[in-house]
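Trainee: next one to model:
(chains A and B)
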Amino acid sequence: MQIDLTEAEIERYTRHIMLPEIGGIGQMRLKTARVLVVGAGGLGCPLLQYLAAAGVGTLGVVDGDVVDLSNLQRQILHGTADIGRPKVTSASARLHDINPEVRVVPHNHYLDAANADALVGDYDLVCDASDNFTARFTLADACVRQRKTLVSAAVLRNTAQLATFKPHAGENLPCYRCLYPAPPPEAPQSCADAGILGAITGVAGTLQATLALQELLGIGTGLAGKLLIWDALSFRFRGLVVPRDPACGQHGARHASHAD
Amino acid sequence: MTTTITVNGETRHVAPGQTIADLLASLGLDIRKIAVERNQAIVPRSRLGATQLAQGDALEIVHFIGGG
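Mentor: Residues are numbered from 1 along each chain as shown, chains lettered A, B, ... in the order given. Here you go, the predicted structure:
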């Protein structure tokens, strides 16, 4: 890859470029990358903040919500003056302030079955920072169809879960439905219903940013085929193996037909 | 003769030949809301009824969360 960085970019990203795992070539990979982030809430804000600061060239942000006073306890891209504004608008403004070299593409609507494939297909890597199971399953299925790596994070109350799903990259690697086959009935669904310690979203969103950057750079072992669970009350981090479910319905067949 | 296992760190005794699905039913857990970890690996939902508990198994119930 041709290294095409301005002097200002080289200075901005010096602490990256000096890392042997990144260097100028890695920084160029980030500059040419396109990442889709679904949700500009508790997870999405710290995730987007670090992806923008890191110099990911194009960041698509999908969220149809507006900023509410009760969001500000954790959604750190939005300020008090942003209440009532679309989240993608306040997030874009703040991200531009952090790093004007990055192009932010606001998608001021929710992800649904009608738009998911086109959105996912237009990006290199997808991050799930959404707040409901409908969006999570819709996004995960579109990523399997479009053969895009999905870096997934979820939080609730005092817990975070993270995993990377890329069944197209290996025949033993699971998709989201290998872990959770279908949306649960009548579970507490969102942080609005069940509550969340705000700082936990910051840790989880920053872990998600780390995973996304490593996927783009091709460094580290990542969390494909694994599930990281953080229980913040016992302060225990656990890494579990997630095998592919041989009975994973249409996805099982899709995995097989898509395995390289 | 019983099989000794742990569930979320608590010791339990189950009848030999019991499956993970049997155990979950006896605990009143709805498998549509959880995943099950056995000895540091998730057991796919489709395998819960076929996986027999073995002496010393350590199980943890993983709750399905989707907040953001």
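Trainee: ok, and for the helix ranked longest in chain A, which residues are buried?
Mentor: Criterion DSSP state H: the longest helix present in chain A is helix A:198-217. Of the residues in helix A:198-217, A:200-217 count as buried by neighbour count, 16 or more other C-beta atoms under 10 Å in any protein chain shown. For every residue, glycine as well, the C-beta is placed using N, CA and C.
Trainee: got it, and stretch A:75-84?
Mentor: Those would be A:75-78, A:82, for stretch A:75-84 by 16+ other C-beta under 10 Å.
Trainee: residue 16: what's it in contact with?
Mentor: All of this is about chain A. Contacts for residue A:16 were tallied using C-beta atoms under 8 Å, 6 or more residues apart in numbering or on different chains; they are A:22, A:26-27, A:30, A:54-55.
Trainee: look at chain B instead
Mentor: Contacts for residue B:16 (C-beta under 8 Å, 6+ apart) come out as B:1-3.
Trainee: also residue A:69?
Mentor: Taking C-beta under 8 Å, 6+ apart, one finds A:80, A:83 in contact with residue A:69.
Trainee: if I look at it, how far off is residue A:79?
Mentor: 11 Å (C-beta to C-beta, to the nearest Å).
Trainee: show me which of the buried residues of stretch A:75-84 is closest to chain B.
Mentor: Using C-beta to the nearest C-beta, residue A:75 comes nearest to chain B of the buried residues of stretch A:75-84, at 10.0 Å.
Trainee: roughly how far apart are that closest one and residue A:163?
Mentor: Taking C-beta to C-beta, one finds residue A:75 at 23 Å from residue A:163.
Trainee: which ones are touching the spatially most central residue of chain B?
Mentor: Most central in chain B under C-alpha atoms, centre = their mean is residue B:20, positioned 4.6 Å from the mean C-alpha point. By C-beta under 8 Å, 6+ apart, the contact set of residue B:20 is B:36, B:38, B:43, B:48-49, B:51, B:53, B:59.
Trainee: so which of those residues sit within strands?
Mentor: Using DSSP state E, the members of those that fall within strands are B:36, B:38, B:43, B:59.
Trainee: without its sequence neighbours, what residue ends up closest to the first one?
Mentor: With C-beta to C-beta, 6 or more residues apart in numbering or on different chains as the measure, residue B:43 is the residue that lies nearest to residue B:36, at 5.0 Å, once sequence neighbours are left out.
Trainee: then the last one?
Mentor: Taking C-beta to C-beta, 6+ apart as the measure, residue B:59 lies nearest to residue B:7, with 4.9 Å between them; neighbours along the chain are not counted.
Trainee: that neighbour: neighbour count?
Mentor: A total of 19 residues lie near residue B:7 under the criterion other C-beta atoms under 10 Å in any protein chain shown.
Trainee: again with residue A:228
Mentor: Around residue A:228 there are 18 other residues, counting by other C-beta under 10 Å.
Trainee: briefly note if the helix or strand harbouring it comes near chain B.
Mentor: Using DSSP states H and E, residue A:228 falls within strand A:226-231. Yes - Strand A:226-231 lies within reach of chain B by C-beta under 8 Å from any C-beta of the partner chain, at A:227, A:229.
Trainee: sorry, back to before: quick check: the two most widely separated of the contacts of residue B:20?
Mentor: Greatest spacing in these, by C-beta to C-beta: B:49 and B:59 (14.9 Å).
Trainee: who has more neighbours out of the two?
Mentor: residue B:59 (21 against 12).
Trainee: thinking that one is in contact with residue B:40, fair?
Mentor: No - with contact defined as C-beta atoms under 8 Å, residue B:59 does not reach residue B:40; the gap is 10.6 Å.
Trainee: what does the helix or strand containing residue A:119 rub up against?
Mentor: Using DSSP H and E, residue A:119 falls within helix A:116-121. Outside helix A:116-121, the residues that touch it by C-beta under 8 Å, 6+ apart are A:36, A:60, A:62, A:107, A:111, A:126, A:138-139, A:141-143, A:145-146, A:148.
Trainee: quick one: residues contacting the nearest residue to residue B:42 once chain neighbours are set aside.
Mentor: Counting by C-beta to C-beta, 6+ apart, residue B:42 lies nearest to residue A:242, which is 4.8 Å off, once chain neighbours are set aside. If you count contacts by C-beta under 8 Å, 6+ apart, residue A:242 has them with A:163, A:174, A:178-179, A:225-227, B:41-42.
Trainee: isn't residue B:63 right up against residue B:32?
Mentor: No - using C-beta under 8 Å as the test, residue B:63 is too far from residue B:32 to be in contact (11.8 Å).
Trainee: how many neighbours does residue 15 have?
Mentor: Unless you meant another one, I'm taking chain A. Counted by other C-beta under 10 Å, the residues lying close to residue A:15 total 8.
Trainee: hm, I was asking about chain B
Mentor: Close neighbours of residue B:15, defined as other C-beta under 10 Å, add up to 12.
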